[in-house]
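[1] Got a sequence here, can you model it:
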Amino acid sequence: MVEKVIWPAGLDAECTRSEGRRVPQDLAVPEPTVDEIAEAVRQVGYDAVIERHKTYPREIEARGRVVVTQADDAGKSDLLGAVAAYVGALRA
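    Model prediction:
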């Protein structure tokens, strides 16, 4: 079983690439929450586990992370792009 971890900083439009953003600026959303990310992961078709007590190594505050399970068939970049697009659609 392959697990992939999605940190909110990876989708955050307010973060630079060096601060941890993993998607292009046009797909990024301002201050995504782990709940929005988990919902988007479920919309893409994978199971998501929220771990709220985790802190991204480049941040001080704990925003949590989402662990995506059973994502054997998806690359991390493709998964992040799809999740970012769904988070943007959820906010629209």
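
[2] which sections of this protein are below the confidence cut-off?
    In the predicted model, the chain carries pLDDT under 70 at residues 1.

[3] run the last query once more with 90
    Low-confidence segments of the chain (pLDDT under 90): 1-2, 70-75, 91-92.

[4] Show me the helices in it, by range?
    Using DSSP state H, the helices found in the chain span residues 34-44, 76-91.

[5] Out of these, indicate the one that is most buried.
    Between the helices of the chain, helix 34-44 has the highest mean count of neighbours, a mean of 20, where neighbours are mean count of other CB atoms under 10 Å. Every C-beta, even on glycine, is put in place using the N, C-alpha and C of the backbone.

[6] Format the helices of the chain as TSV; extra columns: distance to Ala9.
    Below are these laid out as TSV (distance: least, CB to CB, whole Å):
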stretch	distance to Ala9
helix 34-44	11
helix 76-91	11
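
[7] Which one, of those, ends up nearest to Arg52?
    helix 34-44 (6.4 Å; CB to CB).

[8] So what touches the closest one?
    6, 8, 11, 29, 47-52, 63-66, 68, 79, 82-84, 86-87, 90-91 (CB atoms under 8 Å, 6 or more residues apart in numbering).

[9] same thing but at 10 Å, please
    4, 6-8, 10-11, 29, 32-33, 46-52, 54, 63-69, 71, 74, 78-80, 82-91 (CB atoms under 10 Å, 6 or more residues apart in numbering).

[10] Show me where the chain has its strands.
    3-6, 47-51, 65-69 (DSSP state E).

[11] Determine which stretch of the ones you listed is the most buried.
    Highest mean neighbour count of the strands of the chain: strand 65-69, a mean of 21 (counted as mean count of other CB under 10 Å).
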